[in-house]
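**Student:** Could you look at this predicted model? Sequence included:
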Amino acid sequence: MASFITETNHTSDMINVAGSYRILRCCVNSVGYLSDPRLMPYLDAFGFRSTAMIRTFDLKYDLISNLVERWHPETHTFHLLCRECTITLEDVALRLRLPIDGSAITGVSIVSEPTALFYDLIGRSLVGGGDKFTSLIFSWLKANFEYLFSTATEQEVMCVARAYIMHTIGGVHMPNPNNKVHLMYLSLLSDLYAARSYCWGSAVLATLYRKLFQTTKHYAVDIGRCLVLL
């Protein structure tokens, strides 16, 4: 492959030198269980109905690895033999049906009073987490929210909907190798309709761009974030 990147630690340059081919390990965390029909009105109100239905992935790891080799960090484009191309907000809107305009997704990595936030929005008490609690583990989310009692109140259904969305954010939109989703996203789901006003599509695309940049380094071994867009 002819080198089109000036950085010496770009993976494409290393292939020219070493002649080896790298297949990345893709980090995906599908929700893995069906959402209760009673959640649908809330998932729709939050703006996550379409992506909440994505439960399995059929990713071509060798193709994704090849795309990373052709990713130009400075222009955020794939340099193909025929032309340059990239992933746009239009792709996010058409494929994931996420909002691509509205308030920016911003926050801090340290959540103040996580115990109170967790109980108010999820309806569960933290065990052993305390004020240092920062993330939700997917296996815990599935174990506690996969099934919804037939006698569940409206408030309980909304708490389960938030838990399902958190699993979707960490499993489909912005997955990473640790099988967790950061608690900072939960605070954005406190208000049912305000959550829909956030530009989730831009956040998903921005984190994917950043991960593509990081993965162009020759020493990278895995890639996460919203790989269904590739």
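**Tutor:** On my side now, so go ahead.

**Student:** shaky segments in the protein?
**Tutor:** Within the chain, the segments meeting pLDDT under 70 span 1-8, 13-21, 32, 55-56, 107-109, 126-132.

**Student:** Next one: the most centrally placed residue in it from Glu156, what distance?
**Tutor:** Central residue of the chain (C-alpha atoms, centre = their mean): Met174, 1.5 Å from the mean position. Distance of Met174 to Glu156, computed by C-beta to C-beta, to the nearest Å: 27 Å. For glycine as for every other residue, the C-beta is placed from the backbone atoms N, C-alpha and C.

**Student:** go on, Asn176?
**Tutor:** Spatial separation of Asn176 from Glu156 under the definition C-beta to C-beta is 29 Å.

**Student:** The two: which is more packed in?
**Tutor:** Counted by other C-beta atoms under 10 Å, Asn176 and Glu156 do not tie: Asn176 has more neighbours, with 18 against 14.

**Student:** show me the contacts for the more buried one.
**Tutor:** If a contact means C-beta atoms under 8 Å, 6 or more residues apart in numbering, then Asn176 has Cys27, Gly170, Gly224, Arg225 as its contacts.

**Student:** let's go with 10 Å and repeat that
**Tutor:** Under the criterion of C-beta atoms under 10 Å, 6 or more residues apart in numbering, the contact list for Asn176 reads Cys27, Asn29, Ser135, Gly170, His182, Thr207, Lys211, Asp222, Gly224, Arg225.

**Student:** I'd like to know which of these is nearest to Met40.
**Tutor:** Proximity of the contacts of Asn176 to Met40, judged by C-beta to C-beta, is greatest for Gly170, which lies at 20.4 Å.

**Student:** bridging residues for the spatially closest residue to that closest one that is not a sequence neighbour?
**Tutor:** Among residues not flanking Gly170 along the chain, Val181 sits closest, at 2.6 Å (C-beta to C-beta, 6 or more residues apart in numbering). With beta bridges defined as DSSP bridges, Val181 has these partners: Leu136.

**Student:** ok, Val181 - how many residues close by?
**Tutor:** Applying other C-beta under 10 Å, we find 25 residues neighbouring Val181.

**Student:** Ok, Leu183 next?
**Tutor:** Counted by other C-beta under 10 Å, the residues lying close to Leu183 total 22.

**Student:** Leaving out sequence neighbours, find the closest residue to it.
**Tutor:** Val111 (5.0 Å).

**Student:** now do Ala93
**Tutor:** Once its chain neighbours are removed from consideration, Ala93 has its nearest residue in Ile100; the separation is 4.8 Å (C-beta to C-beta, 6+ apart).

**Student:** Is it correct that that neighbour is in contact with Ala206?
**Tutor:** No - here Ile100 does not reach Ala206: they are 11.6 Å apart, not a contact under C-beta atoms under 10 Å.

**Student:** anything in contact with each of those two?
**Tutor:** Counting by C-beta under 10 Å, 6+ apart, the residues touching both Ile100 and Ala206 are Cys199.

**Student:** between these two, which one's more packed in?
**Tutor:** Between Ile100 and Ala206, counted using other C-beta under 10 Å, the more crowded position is Ile100 (19 against 15).

**Student:** Tell me who's in contact with that one.
**Tutor:** 88-94, 199-202, 204-205 are the contacts of Ile100 under C-beta under 10 Å, 6+ apart.

**Student:** Let me have these in JSON lines, extended by secondary structure.
**Tutor:** Below are these laid out as JSON lines (DSSP: H, G, I helix; E, B strand; the rest coil):
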{"residue": "Thr88", "secondary structure": "coil"}
{"residue": "Leu89", "secondary structure": "helix"}
{"residue": "Glu90", "secondary structure": "helix"}
{"residue": "Asp91", "secondary structure": "helix"}
{"residue": "Val92", "secondary structure": "helix"}
{"residue": "Ala93", "secondary structure": "helix"}
{"residue": "Leu94", "secondary structure": "helix"}
{"residue": "Cys199", "secondary structure": "coil"}
{"residue": "Trp200", "secondary structure": "helix"}
{"residue": "Gly201", "secondary structure": "helix"}
{"residue": "Ser202", "secondary structure": "helix"}
{"residue": "Val204", "secondary structure": "helix"}
{"residue": "Leu205", "secondary structure": "helix"}
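
**Student:** That's all I had, so thanks and see you.
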